[in-house]
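K.L.:
Predicted model and sequence below, questions to follow.
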Amino acid sequence: MRSYLYVTLAILCVALLTTNTNAFKGDLVEPHDKPYVEKYKSDKLDFLTFGDWGYEGVEPGQIYGNQSKVSIAMDDWAKNYTSNFIINTGDNFYISFDGDHEGVTSVNDPKWNRIWKGAYKGRLAEIVWYSVAGNHDWYGNITAQVDYSLNEDDRFFLPSAYYVRESYFGPKKTKVTWIHIDTNIFFYEPEDTEDRPKLINQLIEVGWDTVQTINDKLKWIEDRLIEQQDTKWIFVVGHHPLIGKCADKYYMGSLRPLFEKYRVTAYFSGHTHSLAVESAKDGQPVTYFLTGAGSKTDPPCEGNDWGAPDGTLGFLHTTLTEDKFTYEFVDATTANDPKVIYTGSLTPRP
Ligand SMILES: *[C@@H]1O[C@H](CO)[C@@H](O)[C@H](O)[C@H]1NC(C)=O
Ligand SMILES: *[C@@H]1O[C@H](CO)[C@@H](O)[C@H](O)[C@H]1NC(C)=O
Ligand SMILES: *[C@@H]1O[C@H](CO)[C@@H](O)[C@H](O)[C@H]1NC(C)=O
């Protein structure tokens, strides 16, 4: 009864902070063209970005699993900064132990409670998680993740594989645009059947294994960017990284010229289990973030301007005011002693 009350209160708070002027509807394969609109009363937007979090395995000698080290530190930050939401870069559910499965099997899969609700407490359980799908989500039942968002709990926000949001905050109603995309079709060649049988078969099932689909989606992204040119800040979120050599796969390279042409402020990604950034510079206006260290570790992408040392777990914390975007990468490898390891700032779109 008491926890029911808390949940109701939390939902009420989120509802008060966020006014969706659209009906909440969606569909996995139909890109959602019409922006979801959010209005925040706060004079800044504060958010945490991370991905590749759904691996709960505890390694030999560990007290806290990698996932909980990151979740404990994130809750600390989210509470102190009254974070408004999470940007989730995908790979929400991995195989965590022998006999487990990829992704989720259905909206009733116990992994929803074990790996999502059970792992992220406090403020992290009150705010919305704006999500995209990673390859491991497609290895399981990706339709079930969209259905979960639409019918079970819209705090896990994934109404479609492609969707747009507009958020407004502060006294001047500063506008921020978010374009959430599924990068799996740009990353995996359909000929990769040996490598990715589970993924390619699902792409074939929804008719997404063709170059025509890739071109349609690139066009969809470009149309949204054209529509959103009046915005002070434009962010794109996808699973696969676009930093340096990480952008070389299949059609991934086609995204960078689009983002640069329409002056996207920053692109957030995961997939590579590390923290890194390639900063905007003369002739290249976009900052590319990698934040895929929510539960596993890899070396960062080659060609970055900064990358965390191998073995680092953590997330990205960002505060957006009307005219400044400040960010800090947090190293949560030590559960009880998380540290800021890199900071920077960005200015609004020219
Ligand atoms: C959060 O606030 C507490 C209490 O002031 C402080 O001890 C802790 O270091 C803060 N953590 C962060 C991440 O700012
Ligand atoms: C995937 O999940 C959806 C929604 O929960 C369900 O209707 C469908 O039967 C599932 N597919 C498989 C192959 O289990
Ligand atoms: C968990 O994190 C540690 C570093 O803290 C790393 O050595 C280990 O490989 C990580 N586990 C996985 C599955 O990536």
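P.N.:
Arrived safely. Ligands and ions are numbered 1, 2, ... in the order given.
K.L.:
What's the first helix or strand after the helix or strand of the chain with the lowest mean pLDDT?
P.N.:
Of all helical and strand segments in the chain, the minimum by mean pLDDT, DSSP states H and E falls on helix 2-17, at a mean of 48. Counting by DSSP states H and E, the element after helix 2-17 in chain order, helix or strand, is strand 32-39.
K.L.:
Packing partners of the helix or strand following that next one?
P.N.:
Downstream of strand 32-39, the first helix or strand assigned by DSSP H and E is strand 45-50. Other elements packing on strand 45-50 under the criterion 3 or more C-beta pairs under 8 Å, 6 or more residues apart in numbering; DSSP states H and E are helix 66-80, strand 85-88, strand 287-291, strand 314-320. To be clear about C-beta, it is placed using only N, CA and C from the backbone, and glycine gets the same treatment.
K.L.:
so who does the closest residue to P300 other than its chain neighbours touch?
P.N.:
Taking C-beta to C-beta, 6 or more residues apart in numbering, and ignoring the residues beside it in sequence, P300 has G307 as its nearest neighbour in space, at 3.2 Å. If a contact means C-beta atoms under 8 Å, 6 or more residues apart in numbering, then G307 has 274-277, 290, 299-301 as its contacts.
K.L.:
Sort out which of these are buried, if you could.
P.N.:
274-277, 290, 300-301 (16 or more other C-beta atoms under 10 Å).
K.L.:
count of residues packed around the residue of the stretch 201-350 of the chain found nearest ligand 3?
P.N.:
Using C-beta to the nearest ligand atom, K296 is the residue of the stretch 201-350 of the chain that sits closest to ligand 3, at 3.5 Å. K296 sits with 19 neighbouring residues when counted by other C-beta atoms under 10 Å.
K.L.:
I figured M252 hits Y188, correct?
P.N.:
No - if you go by C-beta atoms under 8 Å, M252 and Y188 don't touch, sitting 10.2 Å apart.
K.L.:
Neighbour count for these two, which is higher?
P.N.:
Shown here are M252 and Y188; by other C-beta under 10 Å, Y188 has more neighbours (22 against 18).
K.L.:
which one is that one nearest to, not counting chain neighbours?
P.N.:
Nearest non-adjacent residue to Y188, counting by C-beta to C-beta, 6+ apart: R196, 5.3 Å away.
K.L.:
what about that neighbour, neighbour count?
P.N.:
Using other C-beta under 10 Å as the criterion, R196 is surrounded by 19 other residues.
K.L.:
what does H101 give?
P.N.:
H101 has 15 nearby residues by other C-beta under 10 Å.
K.L.:
Correct me if wrong: F187 contacts K249.
P.N.:
Yes - between F187 and K249 there is a contact under C-beta under 8 Å: 5.1 Å.
K.L.:
Could you look up the SS state of the spatially closest residue to T213 that is not a sequence neighbour?
P.N.:
Nearest residue to T213, sequence neighbours excluded (C-beta to C-beta, 6+ apart): I185, at 6.1 Å. Assigned with DSSP: H, G, I helix; E, B strand; the rest coil, I185 falls in the helix class.
K.L.:
Burial check on I185, number of neighbours?
P.N.:
Using other C-beta under 10 Å, I185 is surrounded by 24 other residues.
K.L.:
same thing with E227?
P.N.:
E227, neighbours per other C-beta under 10 Å, totals 13.
K.L.:
same question, I95
P.N.:
I95 has 16 neighbours, counted by other C-beta under 10 Å.
K.L.:
now do K261
P.N.:
For K261, using other C-beta under 10 Å, the count is 13.
K.L.:
how about the nearest residue to it, chain neighbours excluded?
P.N.:
Nearest residue to K261, sequence neighbours excluded (C-beta to C-beta, 6+ apart): L225, at 8.0 Å.
K.L.:
just P190 next, same as before
P.N.:
Closest to P190 by C-beta to C-beta, 6+ apart is D209, at 4.3 Å.
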